[in-house]
Structure formats: C-alpha cells, structure tokens
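Q: take this sequence and fold it.
(one chain, ligands or ions: 2)
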Amino acid sequence: MAFGVTVSGKLQTRQIVLNDTTLRDGEQAPGVAFTTAEKVSIARVLASAGITEIEAGTPAMGYEEVSAIRAIVEASLEATIIAWCRMKRFDVDAAIESGVSMVNVSVPSSDLQIAAKLGTGRVAALEQLKRIVGYARDKGLDVAVGGEDSSRADVSFLVELVAAAKNAGARRFRVADTLSVLDPDSAFALVAALRATTDLEIEFHGHDDLGLATANTLAAIKAGATHASVTVIGLGERAGNAPLEEVAVALEQLYGCDTGVVLPELENVAALVAAAAVRTIPLNKAIVGEHVFTHESGIHIDGLLKDQRSYQALDPQLLGRSNRFVIGKHSGIAAITALLSELQLSVSAEESRVILARVRKHAVEHKGGVGRETVMTIWREVRERSLP
Ligand SMILES: CC(=O)SCCNC(=O)CCNC(=O)[C@H](O)C(C)(C)COP(=O)(O)OP(=O)(O)OC[C@H]1O[C@@H](n2cnc3c(N)ncnc32)[C@H](O)[C@@H]1OP(=O)(O)O
Ligand SMILES: O=C(O)CCC(=O)C(=O)O
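A: Numbers count the residues shown, from 1 in each chain. Ligands and ions are numbered 1, 2, ... in the order given. Got it, this is the predicted structure:
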C-alpha cells in the first residue's frame with residue numbers, strides 16, 4: 001500500500017517526542033494522589049527510561065504541589081520539566097516558583113467550553129491567551145499552548161489560536177481530544193489541517209474513553225504531530241490517556257520509529273506507577289501486563305515449539321521479557337509432552353492423553369492454571385495405575 005509505505009518511511013526518519021503527563025493528567029485520575037517522594041521517584045524512572053519531557057503537575061494547586069515540582073526540577077534529570085497552567089498570571093508565577101523552564105498554558109478552545117468555563121467568547125479567549133503566553137515568554141519560559149477540547153472546536157478558530165500562540169512566542173500547540181470524540185480518521189484529519197497551517201511543534205493529547213487513545217495518537221503522529229502526551233499504564237482522567245508503553249512500543253514495532261524510550265524499563269516504570277497510584281495492572285494489559293507473553297492454548301504452544309514466529313509478532317526480548325507456557329484447560333498433547341520432557345519424566349502416548357484429561361478436570365475444578373507440582377503428581381498417579 002503506497003500510502004502506508006510513504007508514511008512509515010517518513011516516520012522512521014522523524015523524531016517523535018513523548019511528553020509524559022503521568023504526574024499531571026495521570027494524577028488527575030480519581031483517587032490518585034502521589035506524595036512528593038513518589039513524584040520524584042516516578043520522574044527519575046521516567047528519565048532513566050529515556051523520557052525527555054515530563055509534565056510534572058499544576059503549580060496553581062498551591063505550596064505542596066509547587067514544592068513537589070521544585071523537587072523534581074532539583075533532581076536535575078535529563079528531561080524538560082513542564083508545568084500545567086491556566087491562562088492566569090497567578091499560575092505562571094506559581095510555575096516560576098517551582099523552577100520549571102517550560103509551561104503548558106491551557107486555553108479552552110471549543111465554543112462550548114469557552115462559554116461555560118470562562119463565561120466569554122472567542123475574542124476574549126484569544127486576547128487572554130496572547131497576554132499570558134507573552135507574560136510567560138517575558139519571564140523566560142518556553143511555552144506550549146494546550147488547546148483544551150480542540151476536538152470539539154471550530155477548526156478555523158483552532159487555526160487562529162495556533163497563529164496567535166506562535167505570534168506570542170509559543171513553540172508548541174497541543175491538540176487535546178479532551179473528551180475522546182475522535183477516531184483515527186478524524187484525529188488524522190484534524191492534525192493534518194493544523195499541520196498545513198503552521199511550523200509550530202504539534203502535540204497530540206488523546207483520552208481513552210472509547211479505547212482509541214493509542215490509535216488516535218498514532219494517527220495524529222502520521223498526520224504530522226511531533227509530540228504525543230502519554231501516561232504510564234494510561235493513568236488519567238476517567239478512562240485515562242494514551243499509555244506510554246503502548247505508544248512507545250507501537251511506534252517502534254509498527255513504524256521502526258525511535259522515541260528514545262528504553263523499552264525494557266517499561267515494566268519497572270509501570271510497576272512503580274501502579275504501586276504509587278494504588279492501581280492494579282490488568283494481567284492482559286498491553287505491553288506491561290503479566291500475561292502478555294504467556295501462552296496456554298495447545299495449538300499455540302505446539303506452533304511456538306515448532307517455530308516461535310507462528311504465534312509471536314512482538315518479540316518479548318525487546319521488552320526484556322520472555323515467553324512463558326502454562327498448563328491449563330486449553331493445553332494439548334504437545335504442551336504436556338514438552339513439560340514432562342523438561343522435567344525428565346517419560347510418558348507414553350496413551351498416558352499423555354490420560355494426563356491431559358486429568359489436567360483439564362483439575363483446571364476447571366480449581367479455575368486456573370495447573371502448576372508443575374500438580375502435573376508431576378498427576379503423572380505419578382497415571383504411571384502407577386498403568387504399571388502391570
Ligand atoms: C482537561 C484537563 O485536564 S484541565 C486540567 C484540570 N486540572 C485540575 O483541575 C488540577 C487540579 N485543580 C485544582 O487544584 C484547582 O481546580 C485549581 C487550583 C487549579 C483552581 O482552583 P479554584 O481557584 O478553587 O477554582 P475552581 O477549581 O473552583 O474553578 C476553576 C477556575 O479556573 C478557571 N479556568 C479553567 N480553565 C481555565 C483556563 N484554561 N484559563 C483560565 N481560567 C481557567 C475557571 O473558569 C474557574 O474560574 P472561576 O473560579 O473564576 O470561575
Ligand atoms: O489544555 C491542555 O493542556 C490539555 C488538558 C488536558 O489534559 C485535556 O484536555 O485532556
């Protein structure tokens with residue numbers, strides 16, 4: 001497909017920057033509240049994992065948050081630390097107090113949000129944005145403009161916002177799909193439309209209410225976004241954000257695109273964030289779930305034993321992980337035979353069929369995999385019974 005080839009080719013040569021907002025949007029997930037020590041530890045592991053931009057919090061929240069962001073800045077990590085601000089001098093002043101070098105100044109961009117939240121209209125929002133971006137630039141800060149609710153905004157107004165952001169000295173415009181109203185086609189179209197009008201950096205910020213955050217983020221990148229907002233395990237408002245681990249691995253796996261992320265670190269990063277957020281990582285969570293390289297089905301294990309490529313597209317070694325086989329209700333003879341051979345236990349064809357039947361019964365009765373010890377016990381009992 002010519003289109004796919006062209007796009008993939010372009011992506012391979014493009015540097016995509018992931019802006020990790022676990023410490024800002026991630027922490028906005030209901031009930032999540034990091035301590036300063038947790039925030040600093042998370043920032044450290046993110047930087048060690050090759051993340052070069054960290055949106056660390058909202059300084060307007062007050063002294064504790066400013067101190068936490070300052071502690072991250074003082075850790076002198078190899079990453080740009082960014083603070084989230086409203087279009088208010090108060091927020092920018094608090095960001096300066098936190099010591100960051102870059103702020104994301106957020107502007108509600110849909111008519112609905114401008115009217116409901118600010119009680120004004122487009123002209124007033126534009127003027128307020130210019131004033132605050134100018135103020136932040138005068139204070140020596142790098143500025144990204146966050147277009148909140150961009151996906152429900154009038155595109156011609158977004159174009160005006162982008163131009164105003166640039167004229168006021170911003171380096172980036174963030175296209176936020178705040179309420180998950182985009183699909184990959186519309187995400188592509190929106191970013192492509194803005195890309196055609198500006199040379200500013202464009203960041204895509206996707207939410208996952210429809211489970212499309214990663215797909216939308218990839219589409220936005222294909223359309224020319226240079227940056228993507230991500231959070232570890234997709235932590236964030238409501239259903240969360242595009243997960244760091246999914247976006248980083250998909251960019252490398254599908255497009256050969258280097259984000260600088262150290263992929264084998266992702267599991268540790270996910271574990272640290274999950275613990276601090278008091279969230280459980282689902283076993284089947286893409287990339288970092290405990291079971292994503294674990295196989296039980298007989299046909300799959302038979303295929304993997306014959307040629308790994310038959311049931312493996314994503315190499316677990318890329319993530320510092322390995323395949324694991326479990327014995328269970330869906331096992332076949334090949335899996336049983338391979339395990340017994342590994343345990344140096346001989347078995348006849350008839351015995352292996354009897355063992356498999358016992359394994360299945362055990363799995364159903366106990367609702368789970370069948371451990372090695374149990375398989376050995378079953379083997380012993382079957383053997384004893386088949387002795388003359
Ligand atoms: C889609 C997103 O993720 S947006 C980011 C959401 N993040 C957060 O809310 C972070 C946590 N928030 C907080 O701690 C508090 O809401 C604070 C400190 C930011 C503000 O607290 P308060 O002063 O008590 O205001 P409150 O939360 O009640 O209302 C928000 C105010 O911000 C204003 N506001 C919202 N967005 C913007 C914006 N982009 N620019 C300017 N003002 C804004 C609202 O109009 C409202 O102003 P009002 O009080 O004059 O009506
Ligand atoms: O305005 C922004 O920077 C984006 C804020 C956000 O988190 C969102 O819109 O989902």
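
Q: up against ligand 2, what does the protein have?
A: Within the chain, the residues that sit near ligand 2 (Cβ under 6 Å from any ligand atom) are 25, 104, 106, 146, 148, 174, 176, 178, 205, 207. Every residue, glycine included, has its C-beta placed from N, CA and C.

Q: go with 8 Å
A: Applying Cβ under 8 Å from any ligand atom, we find that the chain lies next to ligand 2 at 21, 24-25, 28, 84, 104, 106-108, 144-150, 174, 176-179, 205, 207, 229, 236-237, 241.

Q: please flag which of these sit within strands.
A: Among the residues of the chain next to ligand 2, the ones falling in strands (DSSP state E) are 84, 104, 106-108, 144-148, 174, 176-177, 205, 229.

Q: strands along this protein, start to end?
A: Under the criterion DSSP E, the chain contains strands at 17-20, 53-57, 80-85, 102-108, 142-148, 172-177, 201-206, 227-230, 294-295, 324-325.

Q: can you redo the ones you listed as TSV with mean pLDDT and mean neighbour count?
A: Formatted as TSV, the strands of the chain follow (pLDDT from 0 to 100; neighbours: other Cβ atoms under 10 Å):
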stretch	mean pLDDT	mean neighbour count
strand 17-20	98	25
strand 53-57	98	27
strand 80-85	99	26
strand 102-108	99	25
strand 142-148	99	25
strand 172-177	99	27
strand 201-206	98	26
strand 227-230	98	29
strand 294-295	97	18
strand 324-325	96	15
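
Q: and residue 335, which of those is closest to it?
A: Among the strands of the chain, the nearest to residue 335 by Cβ to Cβ is strand 324-325 (6.2 Å).

Q: helices and strands around that closest one, which ones?
A: With contacts taken as 3 or more Cβ pairs under 8 Å, 6 or more residues apart in numbering; DSSP states H and E, strand 324-325 sits against strand 294-295, helix 333-342.

Q: what are the pairing partners of that strand, and which direction each?
A: strand 294-295 (parallel) (DSSP bridges).

Q: from residue 334, how far off is the residue in the stretch 51-200 of the chain that ligand 1 sits nearest to?
A: Closest residue of the stretch 51-200 of the chain to ligand 1, Cβ to the nearest ligand atom: residue 86 (3.3 Å). Computed as Cβ to Cβ, to the nearest Å, the residue 86 to residue 334 distance reads 60 Å.

Q: ligand 1 contacts on the stretch 1-150 of the chain?
A: Taking Cβ under 8 Å from any ligand atom as the contact definition, the stretch 1-150 of the chain meets ligand 1 at 24-25, 28, 58, 60-62, 65, 84, 86-88, 91, 105-108, 117-119, 128, 132, 146, 148-149.

Q: now, of these, which are buried?
A: 24-25, 28, 58, 60, 65, 84, 86-87, 91, 105-108, 128, 132, 146, 148-149 (16 or more other Cβ atoms under 10 Å).

Q: for the closest residue to ligand 2 within the chain, list the residues it contacts.
A: Using Cβ to the nearest ligand atom, the single residue of the chain nearest to ligand 2 is residue 146, 2.0 Å away. Residues near residue 146 by Cβ atoms under 8 Å, 6 or more residues apart in numbering: 84, 104, 105, 106, 107, 174, 176, 205.

Q: residues contacting the residue nearest to residue 214 when sequence neighbours are not counted?
A: In space, and not counting its chain neighbours, residue 214 is closest to residue 246: 4.4 Å by Cβ to Cβ, 6 or more residues apart in numbering. By Cβ under 8 Å, 6+ apart, residue 246 lies in contact with 214, 234, 286, 287.

Q: redo that, cut-off 10 Å
A: Contact analysis of residue 246 by Cβ atoms under 10 Å, 6 or more residues apart in numbering lists 208, 213-215, 217-218, 230, 233-234, 266, 285-288.

Q: and the spatially most central residue of the chain, how far from residue 293?
A: Nearest to the geometric centre of the chain sits residue 243, at 1.4 Å (Cα atoms, centre = their mean). Counting by Cβ to Cβ, the separation of residue 243 from residue 293 is 17 Å.

Q: for this protein, what are the low-confidence residue spans?
A: Residues of the chain meeting the criterion pLDDT under 70: 1-10, 12-13.

Q: domain-wise, how is it divided?
A: Domain assignment of the chain by automatic domain parsing yields the ranges 2-277, 294-386.

Q: if you compare those, which one is most tucked away?
A: Stretch with highest mean neighbour count among the domains of the chain: domain 2-277 (a mean of 20; mean count of other Cβ atoms under 10 Å).

Q: helices of the stretch 201-350 of the chain, residue ranges please.
A: 213-222, 244-255, 266-277, 298-306, 333-342, 349-366 (DSSP state H, counting those that start in this stretch).

Q: which other helices and strands does the fifth one contact?
A: Taking 3 or more Cβ pairs under 10 Å, 6 or more residues apart in numbering; DSSP states H and E as contact, the helices and strands that helix 333-342 lies on are helix 298-306, strand 324-325, helix 349-366, helix 372-386.

Q: centre of the chain to the longest one, how far?
A: Read that as helix 349-366. Averaging C-alpha positions (Cα atoms, centre = their mean, to the nearest Å) puts helix 349-366 40 Å from its chain's average.

Q: for residue 203, which residues are in contact?
A: Per Cβ under 10 Å, 6+ apart, neighbours of residue 203: 17-19, 53, 104, 144-147, 172-176, 191, 220, 225-229.

Q: try it again at 6 Å.
A: 172, 174, 227 (Cβ atoms under 6 Å, 6 or more residues apart in numbering).

Q: again, but for residue 205
A: So residue 205 contacts 174, 176, 229 (Cβ under 6 Å, 6+ apart).

Q: also residue 297?
A: Applying Cβ under 6 Å, 6+ apart to residue 297 gives the contacts residue 330.
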